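J.: Can you look at this prediction? I've put the sequence above it.
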Amino acid sequence: MDSLRHEKIQKFEEFVDRRLKPDLVHAIAERDKIFDQQKIFSDLRKNIENLEKNSVTSLRTLVNLGSEVYMQAEVPDTQRIFVDVGLGFHVEFTWSEALKFISLREEKLERQIEEYTRLIASIKAQIKLVCEGIRELLQIPEEKTVEGRVF
Amino acid sequence: MGKSEVKGTVTSLSSMFPAEETQKAAKMVEEKLSEKQNEMNQLKEFIADNTSLINLVQKLPDELHHDIMVPFGKAAFFPGRLIHTNEFLVLLGESYYTERTAKQTVEILKRRGKSLESKVDALKAVMQDLKAEASFFDSTASEAAEGLVEIREYEEDNSTKWASQSGSLELETPSVAEADNKMGASEDDDYARIMSRLEELEKEELAAEDNEENLEDEDEDANAVESDSNEDELTKAAEGDGDEDELTKPAFHRKKDEGYSYLDHGQRYSESPRKQLQQFNDKEPIEEMSNKYKHQDLTNQFASTGLTEEPVTKGEISHGRIIQEDTKTLSPSINASAPFEKKSVQTSKSEFDSSKAFTGSIVEHTQNLDKSSVGTNTTSLQSSGSQPSKPVSRFKMQRK
């Protein structure tokens, strides 16, 4: 009986440590990635809006060649912009098209973030549940004072 | 020493290094090693990037302009071209940039590459060490698993004993030393004891000096009320004597107060030696009693002169002190009489009117009237009795 309980407790603990916690870490990492994407697209939107506002037709900028070495670059025509649509594809847009795409993209990212947040919450709840189970296995049969415990 | 006989111990390696522990250690080292390996890979990547960048920078000025996609943020590009292909803006660090030509940029990049190489070399050395460690742990683990035993042999001889029994050396030392050279051992012992004692006293002295600094301000104020409080303090001192080592704060304070009186005492010597002598003659009979405290009195006087430098102007102090020293060397009996002088000085102190105290009589202060009028005998005994409770004096004297 006692050994059985110990086995169970060990199984539960392993489940928390090997399964739930890595899942949680992974989910949080994924959500952070999406946060980054969201930031990239909101920046892009701001930049395009800025270009529109100032009606910029040509652009001079610095290009990073790697290792913080920069070279000047010239954009003769800013009307056409190539935006990353995922999977390595870039689509040629005009400004208005690009803005439309960006708003759609942002919506999607928002939904993804919400999804991940929910997932994270559920994993956390599961961890708590299993921990409570372990606690019950350990404490209730041995001492009856557990009921009075407040978490 | 008897004949040297071989002794030894046999310990199984697994008892010293349990297999689990060795495995754990080996695992830790492995982890560290893989960490370093990752670092190494990263560095190698950097180096590869650097070399490709050097190639790129060397090639770029060949053409006047290159058609590229100019990145606009992280997710968008504009079609455009590179211009001014011989002008590079290079980061120097700390967000300082400099404009360089292709050649200069290549030089910078090569220097960066060199520093990366040296980093790789350092990392390689570290990894080599870790590998050696890991192999050692592994071999130890396997040996322990095989049931290898370690045999330690040592001869019951003084020289080998030292070498082979390093573990229990400390316990062994006295007996060995005793056997070897009894005199030397005891001498060493004594020496060590004396040194530790000296250190202890030094510490106490330092602590006392700290206290002194703290108390100096207080003493200025204390001056005014001293004549009142000294009476009590003296009796207290008489009760709490004999504790030479214990330098508690109150004891020190007491001493300070007495120090003042001694200073005044010194002044007295300087101002009216004749009267002093006269007084001294009056107290001839008591001298014998206080003579046995002579040593303490003498040293205390010096201690107190050392302590009383603050409240009075410098000239007076040095003057007083010199004369005190003179009295010490010339006529110890005068020093022996110091305790009585103190009484009178204390009485005169609150007014700082030394002339009052030199009228030849000890009775000066109304508050002290009753006690002093009883006779110098009691007070002198009290004060001389209190002397041993001044612990630092010996060392103060040494300093001079």
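T.: Right, received. Where do you want to start?

J.: show me where pLDDT drops low in chain A?
T.: A:1, A:140-151 (pLDDT under 70).

J.: how about a cut-off of 80?
T.: A:1-2, A:139-151 (pLDDT under 80).

J.: Output the longest helix belonging to chain A.
T.: helix A:95-139 (DSSP state H).

J.: need the residues of the stretch 101-250 of chain B near chain A, please.
T.: B:105, B:109, B:112 (CB under 8 Å from any CB of the partner chain). Every residue, glycine included, has its C-beta placed from N, CA and C.

J.: How many residues are close by the second one?
T.: Residues contacting B:Leu109 under the criterion other CB atoms under 10 Å in any protein chain shown number 23.

J.: now do B:Asp121
T.: B:Asp121: 10 neighbours (other CB under 10 Å).

J.: For it, give me the pLDDT.
T.: In this prediction, B:Asp121 carries a pLDDT score of 93.

J.: Can you list the helices and strands that the helix or strand encompassing it packs against?
T.: Take DSSP states H and E as the rule and B:Asp121 turns out to sit in helix B:102-146. Applying 3 or more CB pairs under 8 Å, 6 or more residues apart in numbering or on different chains; DSSP states H and E, one finds that helix B:102-146 contacts helix B:13-16, helix B:19-59, strand B:88-93.

J.: Is the second one positioned near chain A?
T.: Yes - under the criterion of CB under 8 Å from any CB, helix B:19-59 makes contact with chain A via B:49-50, B:52-53, B:56-57.

J.: mind checking the backbone torsions on the residue positioned nearest the centre of chain A?
T.: When CA atoms, centre = their mean is applied to chain A, the residue found nearest the centroid is A:Arg31 (1.2 Å). A:Arg31 adopts backbone torsions of phi -60, psi -40, taken as degrees, to the nearest 10.

J.: Enumerate every residue touching the closest residue to it other than its chain neighbours.
T.: Leaving aside its chain neighbours, A:Arg31 sits nearest to A:Tyr116 (3.9 Å; criterion: CB to CB, 6 or more residues apart in numbering or on different chains). Contacts of A:Tyr116 were listed using CB atoms under 8 Å, 6 or more residues apart in numbering or on different chains, and they are A:27, A:30-31, A:34.

J.: Closest one of these to chain B?
T.: A:Ile34 (13.3 Å; CB to the nearest CB).

J.: is it true that the closest one lies in a helix?
T.: Yes - A:Ile34: assigned to a helix according to DSSP: H, G, I helix; E, B strand; the rest coil.

J.: Is it correct that it is in contact with A:Arg111?
T.: No - applying CB atoms under 8 Å, one finds A:Ile34 not in contact with A:Arg111, separated by 9.8 Å.

J.: Between these two, point out the one with more neighbours.
T.: A:Ile34 (17 against 11).

J.: And the more buried one, how close does it get to A:Ala27?
T.: A:Ile34 sits 11 Å away from A:Ala27 when distances are taken as CB to CB, to the nearest Å.

J.: Quick check: closest non-adjacent residue to B:Asp138.
T.: Closest to B:Asp138 by CB to CB, 6+ apart is B:Ala26, at 5.6 Å.

J.: how far away is that neighbour from chain A?
T.: From B:Ala26 across to chain A, the span is 23 Å (CB to the nearest CB, to the nearest Å).

J.: Neighbours of that residue, how many?
T.: With other CB under 10 Å as criterion, B:Ala26 counts 19.

J.: Show the contacting residues for it.
T.: B:134, B:137-138, B:141.

J.: Need the per-residue pLDDT for it.
T.: 82.

J.: ditto for the one 4 residues further on
T.: At B:Glu30, the predicted lDDT confidence score is 89.
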